[in-house]
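Chemist: 3D, please:
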Amino acid sequence: MARAVVIGAGVGGLTAGVALRRKGWDVTVLERAPEIEPVGSGLVIAANALKALDVIGLGDRVRELAVTEGRFGLRRANGSWLTQTTEQDADAKYGDSMVVTLRATLMEVFIDALGRERLRLGTTVSDVDADKGVVRTGAGDLEADLVVAADGIHSATRRTLFPGHPGPAYSGVTAWRGLIPGDGLTVPRSESWGRGTVFGVHPLAGGIVYVYATDVLPAGTVHADERAELLRRFGGWHEPIPDLLRAADPARIIRNDVYYNAEPLPAFHRGRVALVGDAAHAMTPNLGQGACQAIEDGVVLGHMAGDARGGGSPALAAYSAARMERTAKIVQRSWTMCRMTKLRNPLAVRLRDLGVSAAARISPDLMLRSMDEMLRWRPPATAGR
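Modeler: Residues are numbered from 1 along each chain as shown. Sure thing, here's the model as predicted:
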């Protein structure tokens, strides 16, 4: 039986692990953290990623655990709508809409499908020999026919494979995320744009609301009280944003700088190693496609590697060919959207908002049409819902 070692138990790594297991591979997933932490954030799983999850038998499970909202769209800071669409319209167009779920919930779905006995927590990878397929850890070396590098935005494996690549660039944007009790509040799913600022609201199961926000700040900016900082920046925006922030637990607000791959990699593989997710194509979160593309990567890699005969160079070259152009386009489109949200000049912001609202009046399905190429994607192997 061919053996695969996956570095990193995030969305991309676990998807790849499950996909390879379904093809008969012996899979071991290494994670340096001592446990899979219940990170306080939500994830948007769009139609393209749901179709990919169907291939590995997890699509319906994710749909059952997640929340679908009837209407969602883009708003101004005062609450007026720039453009909207509905879950029903998206489902009619793509055979699926989007679901929003806790990241921790999605992780549990993946781990249950993989098998907890195949997950090694608290294991740090010190080096990877791409040609021999050897993964070196503090607990000893592991030999593999395929190594899946899913070690995140600042991937050490990527630096080993492509030492001349400049790595991710700072987008100029800092992001906050949090999970907040939403009991008694009317919480429509939306993203609101201000002057260089964004605030997103997504209701989740159990009365919890996932919120995220961005602003233009120097890299590494940290505040003593991040919730107080959010209230200072967004406390005057439309409801329910101020109420949600007042209800937030300051200790559960997560802040991180946003990086992305401004320069694409020359390949997503070398030797016996394949890169997936942020390790291959880190992107800004503006299109909500980071996790979705990691899921696509894992499913496509499983398909290209095939059944447990050992994923050699032709299979990994096919994986690179299948993923590089698509992900490069999405990285660039997401960055373009990020640049639009970074506008601070009042006239530029007004022209941006007028342009979006005018386009939405001319084309009521503007939101869906702008995402068409991403959402119409289908995995290389399909399964019924």
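
Chemist: For the protein, name the helix or strand with the lowest mean pLDDT.
Modeler: Lowest on mean pLDDT, DSSP states H and E among the helices and strands of the chain sits helix 366-370, with a mean of 75.

Chemist: Sort out which residues of it are buried, please.
Modeler: Neighbour-count burial for helix 366-370 flags 366, 367, 368, 370 (criterion: 16 or more other C-beta atoms under 10 Å). For every residue, glycine as well, the C-beta is placed using N, CA and C.

Chemist: you'd agree residue 41 is up against residue 210?
Modeler: Yes - the criterion here is C-beta atoms under 8 Å, and residue 41 meets it with residue 210 at 6.6 Å.

Chemist: what about those two, which has more around it?
Modeler: residue 210 (26 against 17; other C-beta atoms under 10 Å).

Chemist: dump the residue contacts of the more buried one.
Modeler: Taking C-beta atoms under 8 Å, 6 or more residues apart in numbering, we find residue 210 in contact with 41, 42, 100, 102, 177, 178, 179, 201, 202, 203, 204.

Chemist: Dump those residues to JSON lines, plus secondary structure.
Modeler: Putting those into JSON lines (DSSP: H, G, I helix; E, B strand; the rest coil) gives the following:
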{"residue": "41", "secondary structure": "coil"}
{"residue": "42", "secondary structure": "strand"}
{"residue": "100", "secondary structure": "strand"}
{"residue": "102", "secondary structure": "strand"}
{"residue": "177", "secondary structure": "strand"}
{"residue": "178", "secondary structure": "strand"}
{"residue": "179", "secondary structure": "strand"}
{"residue": "201", "secondary structure": "strand"}
{"residue": "202", "secondary structure": "strand"}
{"residue": "203", "secondary structure": "strand"}
{"residue": "204", "secondary structure": "coil"}
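
Chemist: The strand or helix carrying residue 321 packs against which elements?
Modeler: For residue 321, the host element (DSSP states H and E) is helix 313-341. In terms of contacts (3 or more C-beta pairs under 8 Å, 6 or more residues apart in numbering; DSSP states H and E), helix 313-341 is packed against strand 169-181, strand 254-260, strand 269-270, strand 273-275, helix 278-281, helix 290-305.

Chemist: Any stretches of the stretch 1-150 of the chain with poor pLDDT?
Modeler: 38-40, 68-70 (pLDDT under 70).
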